[in-house]
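Participant: Give me the fold of what follows.
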Amino acid sequence: EKWTRVVKKKVEEENIRVEKEQNHTHDSNTELYALFNDLQVISLEFGIEFEAPEIVVVGMQSDGKSSFVEALLGFQFNIVETNIGTRRPLILQMINNPTYSVPQCRFHSETIDSFEPHLTPIDDLVSEIQSRTNRLCGSGDSVSPEPIILRVEYAHCSNLTIYDTPGFRQGGDVALRTNIQKMVEKLIEPKNRIIVCLEQSTVEWCNTNSRPIVKRFDDRFERTVLVNTKFDNRAKEMRKKESADKYLAGEGASGVLPEGVRPFFVSLPVKRDLDTDAFRKGMRDCYVKDYKHLMEVQFDEEKFLQQLGIFRVKQHLEHLLTTKYISAIPPTLHQLENIIKQTSEELHSLLTSPLLSPLPPGTPFTLTPLHSLLSSSLQSFLHLSSLLLTGSIIGDPDTHGQSLNEEKRSSGVSPDFPLVPSYIHTTSSSSSSFTPIPNMDYKIYGGAQYERLLSEFEWIAHSIEFPYTTVNEVASALGTGRVHNVPVLETAASDIVQMKANKELRPLIDILIARVGYVMRRVGKVALSVLKSGGGEEGEGEKERRRVMDVYPGFLDKLEEKFSEFVETLEKDCKVKLLDDFVTFTRILDWQLLENLSLLSNKPNKSSSQPSSQNTSKDKEKESLTEGKHNSLINNNNPGVMFSRGMRHVDDKVYKEVVEMSGKLFAGIRFFYVKYMRNKVNAFFLDPMFTKLGSWMSDWWRRMKEEEFFGMLGSQAEVIKSRVNVLQKKLEHCKASRDQFKKVYHNILEKKK
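Facilitator: Numbers count the residues shown, from 1 in each chain. Here you go, the predicted structure:
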């Protein structure tokens, strides 16, 4: 009874404290937050990557993420009842402004560089977000990383800017689930972003879904805030102090969480359509109810109280963001100064360089500095392509390289090479690692990627065993002949092997050529990326060329198009040659393949006979050959029903002999087929990339007419004008932002004195 009175008193005091906290405004850092909000808009508008702090909220669909976002905003707008967050991120720029008792909501325009002049009522937010999502993504299952920006000014919202991301999914459409996870992972990858990871309190620590995803990007949770939602459902199960303290500590004894990492625990109103006052009271009541229950079981208040409630989460996030914002001001100022300098130089070059001025009347376009510079760029592109095939890290393999699995996913080739058991390897410490294909886990491109592909083809082809052959097939293959009393087992084996090889080995050619084409096209893409970035050179000529290519992206598009066109011609020619040779190779079989087969013993698949499964899966069928009706007739010595060899009777011995002969012949064909195909691809695909690509591209460039040249580049005057407008706007925004940063930083330094 005494403790009950203590609990009652403390609960009343806590209720009063929280109510005061709710009514207190937090506008002391409004200017700082607004500054970084504007910087975020500049970043998205001009594609500039600032390393300023940002908060990204992640969680499963059912983890209460939308309710959590509403709690930070301070009002409900039925985000929970819709799927608006499923396909585009939503950036919420929250500004605590005590002058607004009603939320002031404005969307950033998706067509011009500014926030829309009109306010959007709370009741229209959901439909507006859905409309913007559908306009960009359509009404299907496609997703887009391009965010929707909503700025909210309100007396009772937090001072925060957050990315509200689509929720991770466990079921539903596989493609949508995968695309959402990839998009969210890309958002949480940058080191400057603070991750708020939400999970239901009713889920045990060891069974969480979102946390393992986050852990891949922040192993020690050093930039992650863990929030357990729907805590009221868990709290009601706590009957003793020990169980409450153990759970609130994150069950530290289990080693699930790193030392010092403590999650927050929040409960929020379930009831919908609450007005702002009722919603604020509902949040307070949920917190007080959780606090009362924990007090009744006498939890360690001193140790765990700071982890309880949405209000403490808000305080923690605001304090964390403010601290990081202040720390980020000097490097952000430095970055803005560099951007202003670079933009000014490019703008000056566009406005003054005679290279980009309109051509004098009557000047042949081939004699212009622009044509000369682009010709030089073409030669650089061809040189880079050759380097990438020969072997070079100039293309940054960590960025542009692909592992084998990434290559297979991105190539779009379907069907792909069949999987064989030895193709899957393990890298766990508990078992030995087996990597049949060299460099399969490394990110590579160019010639290295091509060689890995050929190794994959060789391994897969050698792993294909001689397919199961039925007794019916053997009997049918024996057929008949001009000399009716001579069974030709070799002829039967030849026919069987021809059919089986065509079915098992022939499709590999289509796959191989398509995959080689993909690898070669990537050579062009990587070479273009290096060319745009300067190719490792920093001379004045290279800077000028980069500026020109920025102005004329059509030139780069045309280079990629022609490069791909050349690869396509190689694909067609090489495929025709390989298929013709394959038909010739299998039509007339060389029986010397059955001799000296010991040469094949070192290949990945040594077995040249029928697979063991063939000896067991058709036992009854094979028994009928020696123990059924046919055998009994022979044993009866009935002269009227004796079988003659002319009828090509298939007994167990004949069946096994044909199958064994076919298996050995198939293994011989497979062995030489792999070597033959590899040599042919080298001769008709790889070699022309070195010997014919340069002359083919140069010939295209020499034959180009003036109309095609300027058509490729677009309207010179319009392109320059458009680029100048973009740079002027960028310069204006960055200068204004720099001046504001200087002012705010000066004020902060003055306060510290």
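Participant: quick one: the helices in the stretch 651-753 of the chain?
Facilitator: 652-681, 687-691, 693-703, 706-713, 716-752 (DSSP state H, counting those that start in this stretch).
Participant: out of these, nearest to Glu31?
Facilitator: Proximity to Glu31 (CB to CB) singles out helix 716-752 among the helices of the stretch 651-753 of the chain, at 5.9 Å. Quick note: C-beta positions are derived from backbone N, CA and C, even for glycine.
Participant: What angle do helix 706-713 and that closest one make with each other?
Facilitator: 20 degrees (axes from the mean of the first three to the mean of the last three CA atoms, to 10 degrees).
Participant: by contact count, what packs against helix 716-752?
Facilitator: Here helix 716-752 touches helix 30-46, helix 310-352, helix 540-551, going by 3 or more CB pairs under 8 Å, 6 or more residues apart in numbering; DSSP states H and E.
Participant: Tell me the first helix or strand C-terminal of the last one.
Facilitator: Once helix 540-551 ends, the next helix or strand along the chain (criterion: DSSP states H and E) is helix 553-587.
Participant: Please state the offset of that next one from the chain centre?
Facilitator: In terms of CA atoms, centre = their mean, to the nearest Å, the centre of helix 553-587 is set 28 Å apart from its chain centre.
Participant: what's the answer for stretch 237-248, then?
Facilitator: 41 Å.
Participant: before we move on, what about stretch 222-229?
Facilitator: Centre-to-centre, stretch 222-229 and its host chain are 24 Å apart (CA atoms, centre = their mean).
Participant: After the helix or strand encompassing Cys105, which helix or strand is next? Please name it.
Facilitator: Under the criterion of DSSP H and E, Cys105 resides in strand 104-107. Next along the chain after strand 104-107, taking DSSP H and E as the criterion, comes helix 125-137.
Participant: and that next one, what other elements does it pack with?
Facilitator: Packed on helix 125-137, when contacts are counted by 3+ CB pairs under 8 Å, 6+ apart, are strand 104-107, strand 148-154.
Participant: can you pull the buried residues of it?
Facilitator: Leu125, Glu128, Ile129, Arg132, Thr133, Cys137 (16 or more other CB atoms under 10 Å).
Participant: Could you find the lowest-pLDDT member of the residues you listed?
Facilitator: Least confident of those in the model: Cys137, at 79.
Participant: Need the mean per-residue confidence for stretch 401-421.
Facilitator: 82.
Participant: that older thread, the helices and strands packed on helix 716-752: which one's closest to Ala448?
Facilitator: helix 540-551 (26.3 Å).
Participant: looking at the helices and strands packed on helix 125-137, which is closest to Gly711?
Facilitator: Using CB to CB, the helices and strands packed on helix 125-137 put strand 148-154 closest to Gly711, at 36.7 Å.
Participant: and the helices of the stretch 651-753 of the chain, which is most packed in?
Facilitator: helix 652-681 (a mean of 20; mean count of other CB atoms under 10 Å).
Participant: hey, which helix or strand in the protein has the poorest pLDDT?
Facilitator: Of all helical and strand segments in the chain, the minimum by mean pLDDT, DSSP states H and E falls on helix 629-635, at a mean of 33.
Participant: so where's the stretch 151-300 of the chain shaky on pLDDT?
Facilitator: For the stretch 151-300 of the chain, the stretches flagged by pLDDT under 70 are 251-256.
Participant: hey, where'd the strands end up in it?
Facilitator: Remark: strands assigned in the stretch 151-300 of the chain by DSSP state E, counting those that start in this stretch are 160-164, 193-200, 224-229, 264-265.
Participant: that older thread, which two among the buried residues of helix 125-137 are spaced furthest apart?
Facilitator: Using CB to CB for every pair in these, the one that comes out farthest apart is Leu125 and Cys137, at 18.1 Å.
Participant: I'd assumed Asp273 was in contact with Glu282.
Facilitator: Quick fix: residue 282 is Gly, not Glu. No. Gly282 lies out of contact with Asp273 (CB atoms under 8 Å); the separation is 11.5 Å.
Participant: Compare these two and say which is more crowded by neighbours.
Facilitator: The residue with more neighbours, out of Gly282 and Asp273, is Gly282; 17 against 9, by other CB atoms under 10 Å.
Participant: Please report how far the closest residue to the more buried one other than its chain neighbours lies from Phe68.
Facilitator: Nearest non-adjacent residue to Gly282, counting by CB to CB, 6 or more residues apart in numbering: Pro269, 3.5 Å away. Distance of Pro269 to Phe68, computed by CB to CB, to the nearest Å: 12 Å.
Participant: more crowded one of those two?
Facilitator: Neighbours were counted for Pro269 and for Phe68 using other CB under 10 Å; Phe68 has more, 22 against 19.
Participant: Number of residues surrounding Lys303?
Facilitator: As a measure of burial, Lys303 has 12 neighbours, counting by other CB under 10 Å.
Participant: before we move on, what about Asn192?
Facilitator: Asn192: 13 neighbours (other CB under 10 Å).
Participant: Tell me the secondary structure of the residue lying closest to it once chain neighbours are set aside, please.
Facilitator: Excluding its sequence neighbours, the residue lying closest to Asn192 (CB to CB, 6+ apart) is Glu51, at 4.4 Å. Per DSSP: H, G, I helix; E, B strand; the rest coil, the secondary structure class of Glu51 is coil.
Participant: Surely the residue nearest to Gly282 and Tyr287 touch.
Facilitator: No. Contact between Pro269 and Tyr287 fails when scored by CB under 8 Å: they sit 10.6 Å apart.
Participant: any idea what Val143 is structurally, helix, strand or coil?
Facilitator: Going by three-state DSSP: Val143 is coil.
Participant: would you list the helices and strands packed on helix 125-137 in TSV and tack on distance to Trp3 and mean neighbour count?
Facilitator: Shown next, in TSV, are the helices and strands packed on helix 125-137 (distance: least, CB to CB, whole Å; neighbours: other CB atoms under 10 Å):
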stretch	distance to Trp3	mean neighbour count
strand 104-107	47	18
strand 148-154	40	22
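Participant: sorry, back to before: right, and the strands of the stretch 151-300 of the chain - which one's nearest Gly663?
Facilitator: strand 193-200 (56.1 Å).
Participant: just checking, what packs against the closest one?
Facilitator: Short answer (3+ CB pairs under 8 Å, 6+ apart): strand 193-200 packs on strand 54-59, helix 210-215, strand 224-229, helix 310-352.
Participant: least reliable of these going by mean pLDDT?
Facilitator: helix 310-352 (a mean of 86).
Participant: who does the helix or strand just after that helix touch, helix- and strand-wise?
Facilitator: The first helix or strand that comes after helix 310-352 along the chain, using DSSP H and E, is helix 369-390. When contacts are defined as 3+ CB pairs under 8 Å, 6+ apart, helix 369-390 packs onto helix 446-463, helix 506-533, helix 540-551, helix 553-587, helix 687-691, helix 693-703.
Participant: If we use 6 Å, what do you get?
Facilitator: Packed against helix 369-390, as judged by 3 or more CB pairs under 6 Å, 6 or more residues apart in numbering; DSSP states H and E, are the following elements: helix 446-463, helix 506-533, helix 540-551.
Participant: Put together CSV for these, with distance to Lys730 on each row.
Facilitator: Shown next, in CSV, are the helices and strands packed on helix 369-390 (distance: least, CB to CB, whole Å):
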stretch, distance to Lys730
helix 446-463, 35
helix 506-533, 18
helix 540-551, 13
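Participant: Using JSON lines, lay out those together with mean neighbour count and mean pLDDT.
Facilitator: Rendered in JSON lines, the data for these read as follows (neighbours: other CB atoms under 10 Å; pLDDT from 0 to 100):
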{"stretch": "helix 446-463", "mean neighbour count": "21", "mean pLDDT": "92"}
{"stretch": "helix 506-533", "mean neighbour count": "20", "mean pLDDT": "92"}
{"stretch": "helix 540-551", "mean neighbour count": "17", "mean pLDDT": "62"}
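Participant: so which of those comes closest to Gly694?
Facilitator: Nearest to Gly694 among the helices and strands packed on helix 369-390 is helix 506-533; the distance by CB to CB comes to 12.6 Å.
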